[in-house]
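*Asks:* Got a predicted structure plus its sequence, pasted below:
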Amino acid sequence: MKKLLFLTALFIISGCDNSLKISNPTINPLPDSGEVNETKISNLITQRCTSCHSSKTVASDGIRFDSYQDMVSKARRIKREVVDFKSMPPNPSEITDEERALIGKWAEQQNK
Ligand code: HEC
């Protein structure tokens, strides 16, 4: 009974403190100012995609994002999967809507 009270108290305390809340622990949104540039897109794709698409991994579907040039050369396919179909990354909770939008904006600028 004491243990139950303690747990209840703990629950109430943590419930009241917003700083303890983590909205989605699986995803860490990357800082964003809305502008796209090489460093930002390169970091974003590396973080969200290279666990599966890299020459250091099995490279799903033969697609590798080892360098920024790899990303640029596949910009159109990246946009199709990430923005149009939302089929990549396979687990949709691993990317934010803002990040999809950034990738879309960048891909359009690449004109590839
Ligand atoms: C968990 C592993 C995983 C992650 C993370 C991942 N992919 Fe994929 N990707 C795959 C697999 C598996 C395939 C092949 C099967 C398929 O098309 O679903 C694929 C296929 C693709 C294709 C080719 C699809 C086609 O039909 O032309 C593209 C482009 C792609 N991924 C881009 C991305 C991008 C960009 C990201 C990051 C936002 C990403 N992927 C993240 C596993 C992953």
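*Replies:* Happy to help now that I have it.
*Asks:* where does the protein have low pLDDT?
*Replies:* 1-33, 112 (pLDDT under 70).
*Asks:* just the helices in it please.
*Replies:* With DSSP state H, the ranges of helices along the chain come out as 2-16, 38-49, 68-73, 75-79, 97-110.
*Asks:* now E38, nearest residue through space, not along the chain?
*Replies:* Y68 (5.6 Å; Cβ to Cβ, 6 or more residues apart in numbering). For the C-beta atoms, the positions are set from N, CA and C on the backbone; glycine is no exception.
*Asks:* OK, contacts around I45?
*Replies:* F65, M71, I78, I103 (Cβ atoms under 8 Å, 6 or more residues apart in numbering).
*Asks:* just M88 next, same as before
*Replies:* Shown in contact with M88 (Cβ under 8 Å, 6+ apart): C49, I78, E81, V82.
*Asks:* got it, and P92?
*Replies:* K86.
*Asks:* Please report how far it lies from R100.
*Replies:* From P92 across to R100, the span is 9 Å (Cβ to Cβ, to the nearest Å).
*Asks:* Overlap of the contact sets of these two?
*Replies:* In contact with both P92 and R100: K86, using Cβ under 8 Å, 6+ apart.
*Asks:* For the spatially closest residue to R48 that is not a sequence neighbour, the count of nearby residues, please.
*Replies:* With sequence-adjacent residues excluded and distances taken as Cβ to Cβ, 6+ apart, R48 is closest to I95, at 5.3 Å. Residues lying near I95 (other Cβ atoms under 10 Å) number 21.
*Asks:* Quick one: name the residues of this structure near the ligand.
*Replies:* 45, 48-49, 51-53, 60-61, 63, 77-78, 81-82, 88-90, 95 (Cβ under 6 Å from any ligand atom).
*Asks:* Repeat the analysis, applying 8 Å as the threshold.
*Replies:* The chain has residues 44-45, 48-53, 60-61, 63, 65, 74, 77-78, 80-82, 87-91, 94-95, 99, 103 near the ligand, with proximity defined as Cβ under 8 Å from any ligand atom.
*Asks:* Name only those of those residues that count as buried.
*Replies:* Among the residues of the chain next to the ligand, the ones that count as buried by 16 or more other Cβ atoms under 10 Å are 44-45, 48-50, 52-53, 63, 65, 74, 78, 81-82, 88-89, 94-95, 99, 103.
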